[in-house]
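Asker: Here is a sequence with its predicted model. Questions after.
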Amino acid sequence: MQITFTPEEDAFRAEVRAFIEAECDPAARERMQKGLGLSKDDYVNWHKKMATKGWSCPHWPVEHGGCDWSPMQHFIFEEETGDAGCPPAVPFGPEMVAPVVWSFGTEEQKAKYLPGILSGEVWWAQGYSEPNAGSDLASLKTKAVLDGDHYVVTGGKTWTTLAQFADWIFLLVRTSSEGKRQQGITFLLVDMNTPGITMHPIITMEGGHEVNQVIFDEVRVPVENRIGEQDKGWTYAKFLLGYERFNMAGIPGARRQLRRLKAVAEDQGVADDMRFRNKMADIDIQIMTLESTMLRLLAAATQGKDPGAESSYIKIRGTEIDQLLTELTMEAVGPYVLPFQPEVGHEGRNEAPIGPEYAAPVAPTYFNTRKVTIYGGSNEIQKNIIAKHVLGL
Ligand SMILES: Cc1cc2nc3c(=O)[nH]c(=O)nc-3n(C[C@H](O)[C@H](O)[C@H](O)COP(=O)(O)OP(=O)(O)OC[C@H]3O[C@@H](n4cnc5c(N)ncnc54)[C@H](O)[C@@H]3O)c2cc1C
């Protein structure tokens, strides 16, 4: 696919590139390029730098601090920041709760919550899933009981990504057991410093701490922190999930990983193998195809069209490509794929790797990436959504 750019678009690309060179921490970029972990500061510092330029949440409506960019400018920005290895946006604030706040929140809520997300001062977490409510989210049991001008929240959320860094969490809670299960759910915004909240890390199989269990023990949440109407939270929750899936294409990350794969294949000598070259070419084509679909949906989205059920397709393909890339990288690295390599550069793990340096994060990344077809609504559930809402089956 050959995309041609106008002189203005070329100038915009040069501006983005110059900004990255001047402002994005080279150490964080190097960690991204090598597939190593990032710290909270890596994410926040880059977000704050972009905020000073007015670029921290470019997809937002202009009146809330977004950029008046064409779909092609968004594409260029994503491509350049991804290509350069800039820390990715943490989605829970800018891409999930913010659209809910500006679409369904009061003027006071917009004024209170949006600026902190835009500036990068406030980190949000997503509190939807529970031990027995994942795919079947409507079976959630964390309850909120109205007591004067507060809700009293009791229950537990699980798989809460990066909640160890969060200042606030958006929660789905049960406020009624009457009627259909989807009725009686309410959407609350909760300050993580409220008494009664405790957190327990969940360590994933490669040894990382990304997810948590968050327990709420009679946590008092002001009624003014409720989004929209009581018992109508399911509507806002579904609206948010459309945005979540839409952002899962991961094209720049896939391109970065493909570049790394090609370099590894070269170094390991498998790049000369015709069958392996075919596999790399095939995944390159898959990335290009997803990219053009994404551009089409992006163009529609900037004209105000809700991504809707088509975002399920983006989620499925983006995550399948992500997993395939890690599988091919495992294959290319060959004998150095040791599951318990010390992850160089990770806090407290500075032992020398076995084999070439690039081999160390390959197996941990492979194991970590098993999650992507599960979170954001599993891929099986996305296929059900496509069958029902796109194909009409
Ligand atoms: C790494 C990670 C990070 C996450 N981060 C967050 C977060 O920050 N906040 C949050 O709220 N949640 C988060 N989640 C939770 C995530 O949304 C759920 O794990 C997901 O929705 C699946 O739910 P479950 O784990 O309960 O699995 P289940 O719903 O029990 O599903 C188990 C299996 O059965 C399949 N299945 C279930 N129902 C059907 C069906 N009707 N048809 C076909 N197949 C079906 C599923 O596809 C899956 O393979 C995260 C999960 C992971 C793994």
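Answerer: Here it is on my side, so go on. All values reported here derive from a predicted model rather than from experimental measurement.
Asker: use CA for all of it now, contacts and neighbours both
Answerer: Fine.
Asker: So in the protein, which helix runs the longest?
Answerer: Ranked by residue count under DSSP state H, the longest helix found in the chain is helix 274-302.
Asker: by contact count, what packs against that one?
Answerer: helix 71-83, helix 251-268, helix 310-333 (3 or more Cα pairs under 8 Å, 6 or more residues apart in numbering; DSSP states H and E).
Asker: Could you figure out how far that helix is turned away from helix 251-268?
Answerer: Following axes from the mean of the first three to the mean of the last three Cα atoms, to 10 degrees, one obtains 170 degrees for the angle between helix 274-302 and helix 251-268.
Asker: Which one, of the helices and strands packed on helix 274-302, ends up nearest to the ligand?
Answerer: helix 310-333 (11.6 Å; Cα to the nearest ligand atom).
Asker: That closest one: how far from the chain's middle?
Answerer: 15 Å (Cα atoms, centre = their mean, to the nearest Å).
Asker: Provide the contact partners of that helix at residue level.
Answerer: With contacts defined as Cα atoms under 8 Å, 6 or more residues apart in numbering, helix 310-333 is touched by 242-243, 245-251, 254, 257-258, 261, 264-265, 268, 270, 283, 286-287, 290, 294, 337, 359, 362-363, 365-366, 369-370, 372-373, 379, 382-383, 385-386, 390.
Asker: so how far is the ligand from the most centrally placed residue in the chain?
Answerer: Compute the mean C-alpha point of the chain, and by Cα atoms, centre = their mean the closest residue is residue 91, 4.6 Å away. For residue 91, the distance to the ligand (Cα to the nearest ligand atom, to the nearest Å) stands at 10 Å.
Asker: One more: residue 30?
Answerer: Taken as Cα to the nearest ligand atom, the span from residue 30 to the ligand is 24 Å.
Asker: Check residue 220 too.
Answerer: 20 Å.
Asker: Spell out which parts of this structure neighbour the ligand.
Answerer: 126-129, 132-136, 159-161, 371, 374-378, 380-381 (Cα under 6 Å from any ligand atom).
Asker: that older thread, only the buried members of the contacts of helix 310-333: can you turn that into a PyMOL selection?
Answerer: Only the buried entries of the contacts of helix 310-333 go into this PyMOL selection, using 16 or more other Cα atoms under 10 Å:
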select buried, resi 242+243+245+246+247+248+249+250+251+254+257+258+261+264+265+270+283+287+290+294+337+359+362+363+365+366+369+370+372+373+379+382+383+385+386
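Asker: Surely residue 223 touches residue 149?
Answerer: Yes. Under the criterion of Cα atoms under 8 Å, residue 223 makes contact with residue 149 at 5.5 Å.
Asker: The two: which is more packed in?
Answerer: residue 223 (17 against 11; other Cα atoms under 10 Å).
Asker: and that one, what does it touch?
Answerer: Counted by Cα under 8 Å, 6+ apart, residue 223 has contacts 149, 150, 151.
Asker: Include distance to residue 46 and secondary structure when you put those into CSV, please.
Answerer: Listed next are those as CSV, based on distance: Cα to Cα, whole Å; DSSP: H, G, I helix; E, B strand; the rest coil:
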residue, distance to residue 46, secondary structure
149, 38, coil
150, 36, strand
151, 36, strand
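Asker: pLDDT added to those, as JSON lines?
Answerer: Shown next, in JSON lines, are the contacts of residue 223 (pLDDT from 0 to 100):
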{"residue": "149", "pLDDT": "97"}
{"residue": "150", "pLDDT": "98"}
{"residue": "151", "pLDDT": "98"}
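Asker: Looking at those, which is nearest the ligand?
Answerer: Once Cα to the nearest ligand atom is applied, the member of the contacts of residue 223 that ends up nearest the ligand is residue 151, at 19.9 Å.
Asker: So what's the residue count around the closest one?
Answerer: With other Cα under 10 Å as criterion, residue 151 counts 22.
Asker: Of the helices and strands packed on helix 274-302, which stretch is the most buried?
Answerer: helix 310-333 (a mean of 22; mean count of other Cα atoms under 10 Å).
Asker: which residues touch the nearest residue to residue 358 once chain neighbours are set aside?
Answerer: Take residue 358 and drop its neighbours on the chain: the residue closest to it by Cα to Cα, 6 or more residues apart in numbering is residue 34, 6.8 Å away. By Cα under 8 Å, 6+ apart, residue 34 lies in contact with 260, 358, 361.
Asker: Got the confidence number for the second one?
Answerer: Read that as residue 358. Model confidence at residue 358, given as pLDDT, is 88.
Asker: now swap in the last one and tell me
Answerer: Model confidence at residue 361, given as pLDDT, is 86.
Asker: what about it, how many neighbours?
Answerer: 23.
Asker: Which parts of the stretch 51-200 of the chain are helices?
Answerer: 71-83, 98-104, 107-119 (DSSP state H, counting those that start in this stretch).
Asker: Give me the packing partners of the first one, helices and strands only.
Answerer: In other words, helix 71-83. Looks like helix 71-83 contacts helix 7-23, helix 251-268, helix 274-302 (3+ Cα pairs under 8 Å, 6+ apart).
Asker: ditto for the second one
Answerer: Counting contacts by 3+ Cα pairs under 8 Å, 6+ apart, the secondary-structure elements packed against helix 98-104 are helix 107-119, helix 233-246.
Asker: By mean pLDDT, show me the worst of these.
Answerer: helix 233-246 (a mean of 78).
Asker: top strand in this structure by residue count?
Answerer: Longest strand of the chain, by residue count under DSSP state E: strand 209-222.
Asker: ok, whichever helix or strand comes after that one: who's next to it in the sheet?
Answerer: Remark: after strand 209-222, the chain's next helix or strand is strand 226-227, criterion DSSP states H and E. Looking at strand 226-227 with DSSP bridges, its partner strands are strand 185-191 (antiparallel).
Asker: and the strand it pairs with with strand 209-222, angle?
Answerer: Using the same axes, to 10 degrees: strand 185-191 against strand 209-222 is 100 degrees.
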